[in-house]
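Engineer: got a sequence here, can you model it:
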Amino acid sequence: MAFEVVFVGVSPASPGAGEESTCFVINGNILVDTGWNAALSMQSHDLLPTDIDHVFITHGHIDHVLGLPGLFFANRKRGQGDAPNLEIYGPRDLDAVCCAAAGMLEVERKSDGVPAYNTHIVEPGDVVEIGDLRIDVDRSFHPVDARCYRFTDTVTGASLVITGDTHFHEGLAEFARDCDVIIHEATESPDVEASQLRRTLHSRPQDAARVAKEAGASTLALVHYHSSQGATLLAAAKEIFGNTRLAKKGQKAQLLGPGQVAWLKGGGGGGEGETKDPGFGQ
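Structural biologist: Numbers count the residues shown, from 1 in each chain. Take a look at the predicted model:
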């Protein structure tokens, strides 16, 4: 199977109609963040929530974990058959997040509403291995304890970095060194003063572009953005890093090897099939 990522959602904390906040599926069975309702949204892209075996949480803010109860409920029969326990990785408040999701499903009263799952708190420098994938863990700078993840295909050497929500920091560029795709948030407008970012600890598109440039990444994909600002954000990022694109909901990237990335337009739910998306910045 090709190393691939599907952009289930690319929107910020308050997505509009038909949108989904940031969450991604890797190789069909790894979910990174749960958006508002990843279990439902992924089905529009021919992905099944019951195929998810591993969940990586970047941080505990609501728009990144709100979909966890839905994912739990979709997988509620896990543990009753041959399916393995759901393995969940994340920062130090992970157990609290999972307990809250289970509580919403009244786990105390109806134990069959929540699947069998295991939690794994991961710290910077930790490594998780899933099949041919190596997942390195580092820290994102945000108001809560937060993680970024680097997924590397140990067979081809292709690599993908997902920053989660973060303020610019030099360690992130080092963590993303020579990666093929870096998925970086671009929440703030380009004209926001740097001093204001210390309140939200989010990034502007030029901050994301600076990380990609200093990392020597092949491609920068912007996420966590308001669609109405897309063109402005893209233009600001491309001034610093030319190989920047706006990630779109339903899009798929196949990482074939170092420097080899095929961008596809997902046709799930619309019956359109998949077509190659030729160029950057679409």
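Engineer: tell me the pLDDT at the residue lying farthest from the centre of the chain?
Structural biologist: In the chain, the greatest distance from the average C-alpha position (C-alpha atoms, centre = their mean) is reached by residue 109, at 32.5 Å. pLDDT, residue 109: 70.
Engineer: over to residue 281?
Structural biologist: pLDDT, read off for residue 281, is 39.
Engineer: same question for residue 45.
Structural biologist: 94.
Engineer: run a quick neighbour tally on it.
Structural biologist: Residue 45: 19 surrounding residues under other C-beta atoms under 10 Å. (Each C-beta comes from the backbone N, C-alpha and C, glycine too.)
Engineer: and it, how far from residue 95?
Structural biologist: 30 Å (C-beta to C-beta, to the nearest Å).
Engineer: just checking, residue 153 touches residue 2?
Structural biologist: No - Residue 153 is beyond contact range of residue 2, at 9.0 Å (criterion: C-beta atoms under 8 Å).
Engineer: so the two - more neighbours on which side?
Structural biologist: residue 153 (22 against 12).
Engineer: list the contacts of the residue nearest to that one when sequence neighbours are not counted.
Structural biologist: Here the nearest residue to residue 153 in space, its sequence neighbours aside, is residue 3; by C-beta to C-beta, 6 or more residues apart in numbering that works out to 4.2 Å. By C-beta atoms under 8 Å, 6 or more residues apart in numbering, the contact list for residue 3 reads 26, 27, 133, 151, 153, 156, 158, 160, 254, 255, 256.
Engineer: show me which of the residues you listed are buried.
Structural biologist: Buried members of the contacts of residue 3, counted by 16 or more other C-beta atoms under 10 Å: 26, 27, 133, 151, 153, 156, 158, 160, 254, 255.
Engineer: closest to residue 63 out of the residues you listed?
Structural biologist: Nearest to residue 63 among those, counting by C-beta to C-beta, is residue 26 at 19.6 Å.
Engineer: so who does the residue nearest to that closest one when sequence neighbours are not counted touch?
Structural biologist: In space, and not counting its chain neighbours, residue 26 is closest to residue 5: 5.1 Å by C-beta to C-beta, 6+ apart. The contact partners of residue 5, by C-beta under 8 Å, 6+ apart, come to 24, 25, 26, 160, 181, 183, 252, 253, 255.
Engineer: now the fifth one: how far from residue 217?
Structural biologist: The reference is to residue 181. 7 Å.
Engineer: ok, now residue 232?
Structural biologist: 22 Å.
Engineer: touching both of residue 181 and residue 217, which residues are there?
Structural biologist: Common neighbours of residue 181 and residue 217 (C-beta under 8 Å, 6+ apart) are residue 161.
Engineer: CA atoms only: put stretch 59-78 into CSV for me.
Structural biologist: Taking C-alpha atoms only, stretch 59-78 is exported to CSV below (Å, rounded to 0.1, in the frame of the first residue of the first chain):
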residue,chain,number,x,y,z
HIS,A,59,-3.6,18.6,21.6
GLY,A,60,-6.8,18.7,23.7
HIS,A,61,-8.5,21.8,22.3
ILE,A,62,-12.1,21.1,21.5
ASP,A,63,-12.0,21.4,17.7
HIS,A,64,-9.3,18.7,17.7
VAL,A,65,-11.0,16.1,19.9
LEU,A,66,-14.8,16.9,19.6
GLY,A,67,-15.2,14.0,17.2
LEU,A,68,-13.7,11.4,19.7
PRO,A,69,-17.1,10.4,21.1
GLY,A,70,-18.4,9.7,17.6
LEU,A,71,-15.3,7.7,16.8
PHE,A,72,-15.7,5.7,20.0
PHE,A,73,-19.4,5.0,19.2
ALA,A,74,-18.6,4.0,15.6
ASN,A,75,-16.1,1.5,17.0
ARG,A,76,-18.2,0.4,20.0
LYS,A,77,-18.1,-3.3,19.0
ARG,A,78,-14.3,-3.3,19.0
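Engineer: phi first, then psi, for the residue nearest to residue 16 when sequence neighbours are not counted.
Structural biologist: Nearest residue to residue 16, sequence neighbours excluded (C-beta to C-beta, 6+ apart): residue 227, at 6.9 Å. In terms of degrees, to the nearest 10, the main-chain angles of residue 227 are phi -60, psi -30.
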